[in-house]
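# Okay, predicted coordinates and the sequence, questions at the end:
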Amino acid sequence: MGRVGVLLLNLGGPEQLEDVRPFLYNLFSDPEIIRLPFTWLQKPLAWMIATMRHTKSQENYKEIGGGSPLRRITEEQAVALEEKLGEKGNNAQVYVGMRYWHPFTEEALAKIKRDRIDELVILPLYPQFSISTSGSSFRLLERIWEDDPELQKIDYTVVPSWYQRSGYLQAMAQLIAQELDHCPNPDQVHIFFSAHGVPLKYVEEAGDPYQAEIERCTELIMKTLNRPNPHTLAYQSRVGPVEWLKPYTEEAIPELAQQGVEDLLVVPISFVSEHIETLQEIDMEYRELAEESGIKNFYRVPALNTHPVFINDLADMVVEALESPSVHFSEVVRPSKRVKMYPQERWEWGMTTAAEVWNGRLAMIGIVAVIVELITGQGPLHFIGLL
Ligand SMILES: C=CC1=C(C)c2cc3[nH]c(cc4nc(cc5[nH]c(cc1n2)c(C)c5CCC(=O)O)C(CCC(=O)O)=C4C)c(C)c3C=C
Ligand SMILES: [Fe+2]
Ligand SMILES: [Fe+2]
């Protein structure tokens, strides 16, 4: 065995308030996050959304101390994983590659090349696969790989998702049980799984397995927990005008309160670290909503972070991946209807002179509308909630 590396993939988050705007620009520049009919409109629109959204977003980051803890926690997970792998007799170097902020995936790859890694396990820190998260990072890696003969020499393997692993499930069940046991009436508590949402189209038209994996994950956690508590699954953090996976967390909480639920324990399940959507959205916004709706006791299960059972399972996952046949980017779930997912590409394939003329006209109309909206602070993008 040559030099072994592990590349942990994650989303990234702004470390200080000045980072929020460029972070949002990077996020909305990603066609896996926001889909537009024309590729060339992606960056101007990303710039516009980042410009208009960053003040509101900064307010949220201010409420959690002025920045995301994601880099710090992910780096702690990397250190803990490296140590655990060492204990298991595997000397591996662990790298962190973020999709939208530092340390970027490209920075991690530069280090991997510098360290002359021979075997690489690519492990997303998302338990469930979505086109918008792990899928986006894999797609980026695949593009970089295609152009880099040095990377092509590395024997790599990817782990697409791992929500069904018993170590992960046990760690989640332990955290939930711990919280329940702190409650005065543990069996009365309603367990509320809150997953990050995605647009419904991703699942229904593009074949994103995310919803199925989230549902299965919830059932497996409940089975592992083995307690009599009732539970609900809902989806949080909707952005923009289109329909997302339902039920929405902000609707499900008042409904439960109306049904008479008084004790609610929220379990974040799409993400393994504390971040803005646990610390601000759940702990502040949903708590306030729950209390206003009549919930008397609102509790939240902490994220796994460096939970020892979880880190041990990550280490086992790496060892198993090294011992198994390699899984390459081309084998990972892709949108089943490529045309629907990337309408801009379909447009390019069908490019005609008429299309070019209409491209130009629509671009002009779009840009004028955007400028008017930027000046007046009013317009359709404000109306639909994107700005
Ligand atoms: C599994 C987790 C996540 C999925 C699925 C996901 C999809 C998704 N997200 C957006 C838009 C935004 N996400 C933002 C922050 C953010 N998203 C995730 C995770 C998932 N996103 C995390 C962990 C974070 C926070 C990182 C941190 O700073 O702590 C943001 C920025 C914050 C804000 O302004 O609200 C946006 C915007 C879309 C559109 C999407 C699916 C298409
Ligand atoms: Fe997100
Ligand atoms: Fe979000």
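Okay, I see it. Here the structure is a predicted model, which means the values were calculated and not measured. Numbering: from 1, shown residues only. Ligands and ions are numbered 1, 2, ... in the order given.
# Listing request: residues of the chain with sub-threshold pLDDT.
The chain contains residues with pLDDT under 70 at 333, 335-387.
# Show me which residues of it are close to ligand 1?
Residues of the chain found near ligand 1 (C-beta under 6 Å from any ligand atom) are 11, 13-14, 27, 33, 53, 57, 68, 70, 126, 130, 132-133, 196, 198-199, 239, 270-271, 275-277. Using the backbone N, CA and C atoms, a C-beta is placed for each residue, glycine as well.
# Sort out which of those residues are buried, if you could.
Burial by neighbour count, judged by 16 or more other C-beta atoms under 10 Å, picks out 11, 13-14, 27, 33, 53, 57, 68, 70, 126, 130, 132-133, 196, 198-199, 239, 270-271, 275-277 from the residues of the chain next to ligand 1.
# Just the ones of those residues in strands?
If you go by DSSP state E, these have His196 in strands.
# Going along the chain, name the helices of the stretch 51-200 of the chain.
70-87, 105-114, 134-146, 149-152, 166-182, 200-204 (DSSP state H, counting those that start in this stretch).
# would you turn these into JSON lines with distance to Val301?
Converted to JSON lines, the helices of the stretch 51-200 of the chain look like this (distance: least, C-beta to C-beta, whole Å):
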{"stretch": "helix 70-87", "distance to Val301": "16"}
{"stretch": "helix 105-114", "distance to Val301": "29"}
{"stretch": "helix 134-146", "distance to Val301": "23"}
{"stretch": "helix 149-152", "distance to Val301": "38"}
{"stretch": "helix 166-182", "distance to Val301": "5"}
{"stretch": "helix 200-204", "distance to Val301": "25"}
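# List the contacts of the residue of the stretch 151-300 of the chain at minimum distance from ligand 1.
Nearest residue of the stretch 151-300 of the chain to ligand 1 (C-beta to the nearest ligand atom) works out as His275 at 3.1 Å. By C-beta atoms under 8 Å, 6 or more residues apart in numbering, the contact set of His275 is 11, 13, 68-70, 303.
# What ranges does the stretch 201-350 of the chain have for its strands?
Ranges of strands in the stretch 201-350 of the chain, per DSSP state E, counting those that start in this stretch, are 231-236, 263-268, 297-300.
# Please identify the most buried of those.
Highest mean neighbour count of the strands of the stretch 201-350 of the chain: strand 263-268, a mean of 23 (counted as mean count of other C-beta atoms under 10 Å).
# Can you tell me the strand partners of that strand and which way each runs?
Paired neighbours of strand 263-268 in the sheet (DSSP bridges): strand 190-196 (parallel), strand 297-300 (parallel).
# residues near Ala173, how many?
Ala173 is flanked by 20 other residues according to other C-beta atoms under 10 Å.
# Quick check: can you list the domain ranges of this protein?
2-161+305-329, 164-298, 351-382 (the TED database).
# so how far is the first residue of the second one from its last?
With C-alpha to C-alpha, to the nearest Å as the measure, domain 164-298 spans 28 Å from end to end.
# separation between Ala315 and ligand 1?
22 Å (C-beta to the nearest ligand atom, to the nearest Å).
# closest to Gln188 out of the helices of the stretch 51-200 of the chain?
helix 166-182 (9.9 Å; C-beta to C-beta).
# Who are the packing partners of that closest one?
Judged by 3 or more C-beta pairs under 8 Å, 6 or more residues apart in numbering; DSSP states H and E, the packing partners of helix 166-182 are helix 210-225, strand 263-268, strand 297-300, helix 308-323.
# So which residues make contact with that helix?
127, 162, 186, 189, 191, 220-221, 224-227, 229, 265, 267, 269, 299-302, 304, 307, 309-310, 312-313, 316.
# same question, stretch 301-308
By C-beta under 8 Å, 6+ apart, stretch 301-308 touches 73, 76-77, 80, 168, 171-172, 174-176, 179, 265-268, 271-275, 278, 310.
# Next: stretch 242-251.
Against stretch 242-251 from outside (C-beta under 8 Å, 6+ apart): 192, 194-195, 197-201, 203, 210-211, 232, 234-236, 238, 255, 286, 289.
# try 6 Å
The contact list for stretch 242-251 (C-beta atoms under 6 Å, 6 or more residues apart in numbering) reads 194, 197, 199-200, 211, 234-236, 238.
# do the same with stretch 6-21
23, 50, 54, 57-58, 61, 66-68, 70, 74, 78, 92, 94-101, 108, 121-125, 137, 318.
# Of those residues, keep whichever come out buried.
23, 50, 54, 57-58, 61, 67-68, 70, 74, 78, 92, 94-101, 108, 121-125, 137, 318.
# one step back: can the strands paired with strand 263-268 go into CSV with extra columns for distance to Asp155?
As requested, the strands paired with strand 263-268 are exported to CSV (distance: least, C-beta to C-beta, whole Å):
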stretch, distance to Asp155
strand 190-196, 33
strand 297-300, 41
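# which one of these lies closest to Pro44?
strand 190-196 (26.6 Å).
# Any idea how far the closest one is from the middle of the chain?
Chain-centre distance of strand 190-196: 16 Å, with C-alpha atoms, centre = their mean, to the nearest Å.
# And stretch 25-33, by the same measure?
With C-alpha atoms, centre = their mean, you get 13 Å for stretch 25-33.
# Any idea how far apart the tips of that stretch sit?
11 Å.
# Return the most buried member of the helices and strands packed on helix 166-182.
strand 263-268 (a mean of 23).
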